[in-house]
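# With the sequence up front, the predicted model follows.
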Amino acid sequence: MKTRPLPARVAFAAAILLLLGAPLAAQFRDDFDRPLVKDPTGARGWGFVTGEGRVDMDLVPGPGLATITVDATKDRRGVWWAFIIRQVQNSLDLARLARPGFEIRAEARIRTDTAPRRVNLSFNTQKTTDFHSHLMEYDLAEAGRWYTISLTTSGFEAGPGDTVSVQMALMDWGLGRYRVDVDYFRVDVVETAKAGPDLGPPIPYHPPVADLASFAQALPAAADLTVDLGEPGVNLNDWTVTDAGGKAAAISIGGTRLAMLRWDFRALAGRTVAGPGLLELTTRTLARSATDRPDFALLRVVETIGGEAGWDERAATWTEISRGAPREQVVNPQMIIDWPVTPGDGGKTYLTIPPVVLQRLIDGKTLGVALTPLGSIDASFYSREERGGSLAARLLFNVQEGRPPDRRRSSLVSRIPSRGGEGICLEDPPSRRFFKIFRRSPVSCISTGLLPSAYSRSLPSDLEAIPEQSRREGKDN
């Protein structure tokens, strides 16, 4: 069969790309527009594997995409993992990795039905022993939105004859049913100087604890409270620990007890986080098994994603905070981080908080943080009421340089989460009246007093930024 010659401008562009060393196409690419090929080993098609729990997983074809489905409703502990895997060595020129400045890069376009959640990308070979060495996590902040994520290795050791596998994993998402759609998946050998920064952006997995002196902001919790899901109607703000060291006000985790934390970010409204931060907790007591077991006897830190925003620690209960919603709609089942508690009275536990989570906290999209037990553990930490709050939980972080927005002409806007979505309430400062602006949910504003300060942000008082149709009460935007 005769082939048509390339148009002159196409041939010229191809020549330029070759001169620049850029690939004409991905060395491995699957757009999922052909029949989906499965292979448990990942050698001739896509494999999928689960572990550390009772979950059912599948990879199913769709129109121009593949869908990962996970059913974790039979699981109990919530430490499962589920990943897809594909061997790509036959599509790559692995000899190029021996040249300085060349690495492997994976890129995928994905969306999920549940958010916020994280996935991870990773590479390994038949020689890999540290499976976290080339692994990054990626935050999916909104359900239904497409995200492009990528991972470029650093010092990846592979060459001709090696088996190179790429993986994408869901980990610890919860005890429900979940779906991730994959639009395409590609893997290249790239020259890192020309490849550009990774997309996502990537979040390091369990990075080393940063130097405390590197943080300019040290914000103590504005409220902390122990809640007991076994006694949901009881306020436990007076929780105390009494032992040979005396009596101390504390927050506590263990069994059905959680500790809820929230902050007042009004002074940082509109600011942008610069890098990851730390959550600092000061231990009062710790009881756990002397035997170390995987994913056991740890502190699990999670985002508070729903429920009552500005709960009053002096009177709040789990019933009030949750507003009757299931636990997974109030505290995210997927952890920010799982970490051991530093033992000993006064011991400091530092937990790395990714910048995307810190930004959600400042913006009021995440309502706070919850401390939960993972496995059998009983731990208490000093609360705000002890020693003038000097040992209370703190967030250590940095914000980008620059002046915050001018708030002299601003009104207070508070985000009111609900089971069906979220609403926004606007306060007119002179009259202290509230006006409802509905966003996908028929929530009501508080008629007296200020709305929860932790979920405030600025908006021009003339409201020009809000579409006219969304100002009408009850209008779905």
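Received it, and whenever you're ready, just let me know what you need. Residues are numbered from 1 along each chain as shown.

# Over to the residue nearest to Thr342 when sequence neighbours are not counted. Which of the three states is it?
Once flanking residues are discounted, Thr342 sits nearest to Thr349: 4.5 Å by CB to CB, 6 or more residues apart in numbering. (Glycine included, C-beta is placed from N, CA and C.) Each residue gets one of three states, and Thr349 gets strand by DSSP: H, G, I helix; E, B strand; the rest coil.

# what do you get for the one 10 residues further on?
Secondary structure, three-state DSSP: Gln359 is helix.

# Pull the contacting residues for it.
With contacts defined as CB atoms under 8 Å, 6 or more residues apart in numbering, Gln359 is in contact with 272-273.

# So it versus Asn398, what's the distance?
For Gln359, the distance to Asn398 equals 12 Å [CB to CB, to the nearest Å].

# Next: Ala315.
35 Å.

# Which one of these two is surrounded by more residues?
Asn398 (18 against 10; other CB atoms under 10 Å).

# can you pull the contacts of the more buried one?
214-217, 273-275, 277.

# per-residue confidence at the spatially closest residue to it that is not a sequence neighbour?
Counting by CB to CB, 6+ apart, Asn398 lies nearest to Ala274, which is 4.3 Å off, once chain neighbours are set aside. Each residue has a pLDDT score; the one for Ala274 is 97.

# Contacts only, for Ala274.
When contacts are counted by CB under 8 Å, 6+ apart, Ala274 touches 355, 397-400.

# Please apply the same query to Ser214.
With contacts defined as CB under 8 Å, 6+ apart, Ser214 is in contact with Asn398.

# Please shift the residue numbers so they start at 35 in all later answers.
Will do, 35 is the new start, and the previous item becomes Ser248.

# Distance check, it against Leu185.
Using CB to CB, one gets 26 Å for the distance from Ser248 to Leu185.

# now swap in Met369 and tell me
For Met369, the distance to Leu185 under the criterion CB to CB works out to 21 Å.

# And for Ile138?
As judged by CB to CB, Ile138 and Leu185 stand 9 Å apart.

# Looking at those two, which is more packed in?
When neighbours are counted by other CB under 10 Å, Ile138 and Leu185 differ, and Leu185 comes out ahead with 27 against 24.

# just to confirm, which helix or strand has that one in it?
Secondary structure assigned from DSSP states H and E places Leu185 in strand 181-186.

# pretty sure Glu314 is in contact with Thr383, am I right?
Yes: between Glu314 and Thr383 a contact is recorded at 7.5 Å, counting by CB atoms under 8 Å.

# ok, which stretches of the stretch 85-234 of the chain are helices?
226-229 (DSSP state H, counting those that start in this stretch).

# Repeat that for the stretch 285-434 of the chain.
Along the stretch 285-434 of the chain, counting by DSSP H, counting those that start in this stretch, helices occupy 352-356, 389-397.

# Now tabulate the ones you listed in TSV and tack on mean pLDDT and distance to Arg322.
Compiled in TSV, the helices of the stretch 285-434 of the chain are given as follows (pLDDT from 0 to 100; distance: least, CB to CB, whole Å):
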stretch	mean pLDDT	distance to Arg322
helix 352-356	98	24
helix 389-397	98	26
